[in-house]
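Chemist: Prediction below, plus the sequence it came from.
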Amino acid sequence: LTFRFDPCTTPVAASERAARLVDPGFGRVFTDHMALIRYSDEQGWHDAQITARVPLTVDPAASVLHYAQEIFEGMKAYRLADGGTALFRPEANARRFQDSARRMAMPELPEELFLESVERLVEVERDWIPEQDGGALYLRPFMFASEVFLGVKPSSEYLYMVIASSVGAYFKGGAPAVSIWVSQGYTRAAPGGTGAAKCGGNYAASLLAQKEAIANGCDQVVFLDAVERRWVEELGGMNVFFVFDDGSLVTPPLTGTILPGITRDSILTIARAQGLTVREEPYAIDQWRADAASGRLVEAFACGTAAVVTPIGSVAEPAGRFTIGSGGPGQLTTRLREQLVSIQRGQAPDPHGWMRRL
Ligand code: PLP
Ligand code: COI
């Protein structure tokens, strides 16, 4: 399958682009092009293109609008210290996209096509990578059911696309530490559900809990498991880590109800490579509260492509609020963040072969 290239005939002027890249925020500034591949049961994957980013025409009966057969990915392209451009572990995103597709009864996009679609788009949009610290080109591959049919069944047609967005920090003002609300009534995913898939529905279901977090003066929501309402799972769009006074780390295990984060996996690898003790095991909210009070827990952080590594300063529940460590960025959190970021920026060696240069 070869990609047709249809250059955008009205690209944003260089001066206007520079203005938009000064303080891009997250997910508001979009580039000139997009990648697109169609799928049908009859033709398989076909009609691959890099083309101008334009609004889509979607039939009102397209099944995604009714039954939410939709999945997505998120990864970043970075400008390296030597001026080159590279993606961080895109093969891992390609495989997770296939895992998500399988769970949602969608066709699996071959890894080579996923990688080619992303790389082709980044090649065309290199100039949209912000220069400043923390800037990157956020790539959003996604796929949705486009068959015009109201019966409840897997669609026979899909559209796979990649759009790109110039981004800075995910949290406003680069937030030194975020505050977390422990969701009470709402859970994110149950055993056997779609928690490990990156499907749009998971995010729709998290919004009311996130709204509750904001109403309670917090930045983000953390979910507990759906069965015992006791075990800490993850945030709406980030995995979570705990750091103890003996220098060890804990993160919830991948039991099917949380997203297997690529940042999570990278932190585990970086930490283990330097001899830190890391356990993937359940951690209860009662324990979190008690360990924070006793000082056994010294740091906690959230991690993900968008959020990178973000310290958690405090945790709020109806019963009250507790602070973690000093309430600001902890030492190990800061070090792990710097180690990860320097690999991503090409400022440190890449011992695990994570960077894919264009
Ligand atoms: N958990 C959820 C629910 C997410 O949406 C994300 C973001 O993609 C993550 C965790 C972190 O995953 P990754 O590190 O692959 O970006
Ligand atoms: C990402 O980090 O890529 C995500 O999908 C999380 C979302 C909150 C932007």
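Modeler: Received the coordinates, thanks. In this text the structure is predicted, and so the values were computed from the model without any measurement. Ligands and ions are numbered 1, 2, ... in the order given.
Chemist: Can you name every helix or strand that whichever helix or strand residue 37 is part of contacts?
Modeler: Using DSSP states H and E, residue 37 falls within strand 33-40. Using 3 or more C-beta pairs under 8 Å, 6 or more residues apart in numbering; DSSP states H and E, the elements in contact with strand 33-40 are strand 44-52, helix 111-125, strand 157-167. C-beta coordinates here come from the backbone N, C-alpha and C atoms, glycine included.
Chemist: Pick the most buried one from the ones you listed.
Modeler: Highest mean neighbour count among the helices and strands packed on strand 33-40 (mean count of other C-beta atoms under 10 Å): strand 157-167, with a mean of 22.
Chemist: Starting from that strand, tell me which strands it pairs with and how they run.
Modeler: strand 29-30 (antiparallel), strand 33-40 (antiparallel), strand 136-145 (antiparallel) (DSSP bridges).
Chemist: In PDB, please show the C-alpha coordinates belonging to the helix or strand containing residue 214.
Modeler: Assigned by DSSP H and E, residue 214 belongs to helix 200-215. Extracted in PDB, the C-alpha atoms of helix 200-215 (Å, rounded to 0.1, in the frame of the first residue of the first chain):
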ATOM      1  CA  GLY A 200     -13.200   7.000  23.200                       C
ATOM      2  CA  GLY A 201     -16.000   5.700  25.400                       C
ATOM      3  CA  ASN A 202     -13.600   5.300  28.400                       C
ATOM      4  CA  TYR A 203     -12.900   9.000  28.300                       C
ATOM      5  CA  ALA A 204     -16.600  10.000  27.900                       C
ATOM      6  CA  ALA A 205     -17.300   7.900  31.000                       C
ATOM      7  CA  SER A 206     -14.500   9.700  33.000                       C
ATOM      8  CA  LEU A 207     -15.700  13.200  32.400                       C
ATOM      9  CA  LEU A 208     -18.300  13.400  35.100                       C
ATOM     10  CA  ALA A 209     -15.800  12.200  37.600                       C
ATOM     11  CA  GLN A 210     -13.300  14.700  36.400                       C
ATOM     12  CA  LYS A 211     -15.900  17.400  36.700                       C
ATOM     13  CA  GLU A 212     -16.500  16.300  40.300                       C
ATOM     14  CA  ALA A 213     -12.700  16.600  40.900                       C
ATOM     15  CA  ILE A 214     -12.700  20.200  39.600                       C
ATOM     16  CA  ALA A 215     -15.800  21.000  41.700                       C
END
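Chemist: Up against ligand 2, what does this protein have?
Modeler: Residues of the chain lying close to ligand 2 (C-beta under 6 Å from any ligand atom) are 74, 237, 304, 305, 306.
Chemist: out of these, which are inside strands?
Modeler: Counting by DSSP state E, the residues of the chain next to ligand 2 place residue 304 in strands.
Chemist: give me phi/psi at residue 347?
Modeler: Backbone torsions of residue 347, given as degrees, to the nearest 10, read phi -100, psi -10.
Chemist: what's around the closest residue to it other than its chain neighbours, how many residues?
Modeler: Closest residue in space to residue 347, ignoring its immediate chain neighbours: residue 81 at 4.9 Å, by C-beta to C-beta, 6 or more residues apart in numbering. If you count neighbours by other C-beta atoms under 10 Å, residue 81 ends up with 11.
Chemist: Could you grab the helix/strand/coil label for residue 81?
Modeler: Classification of residue 81 using DSSP: H, G, I helix; E, B strand; the rest coil returns coil.
Chemist: list the contacts for it?
Modeler: Contacts for residue 81 (C-beta atoms under 8 Å, 6 or more residues apart in numbering) come out as 345, 346, 347.
Chemist: could you flag which of those are buried?
Modeler: For the contacts of residue 81, a burial check counting by 16 or more other C-beta atoms under 10 Å picks out 345, 346.
Chemist: just the contacts of residue 81 now: which is nearest ligand 1?
Modeler: residue 345 (16.9 Å; C-beta to the nearest ligand atom).
Chemist: can you list contacts of the strand holding residue 37?
Modeler: Contacts of strand 33-40 (C-beta under 8 Å, 6+ apart): 1, 3, 7-8, 45-53, 107, 109, 113, 117-118, 120-121, 124-125, 141, 143, 156-164.
Chemist: list the buried ones in that strand?
Modeler: Neighbour-count burial for strand 33-40 flags 33, 34, 35, 36, 37, 38, 39, 40 (criterion: 16+ other C-beta under 10 Å).
Chemist: Same question for stretch 248-255.
Modeler: So stretch 248-255, judged by 16+ other C-beta under 10 Å, has buried residues 249, 250, 251, 252, 254.
Chemist: Can you see whether that stretch contacts ligand 1, counting any residue in it?
Modeler: No - using C-beta under 6 Å from any ligand atom, stretch 248-255 never reaches ligand 1; the gap is at least 10.7 Å.
Chemist: next one: that stretch to chain centre, how far?
Modeler: Relative to its chain's centre, stretch 248-255 lies at 18 Å (C-alpha atoms, centre = their mean, to the nearest Å).
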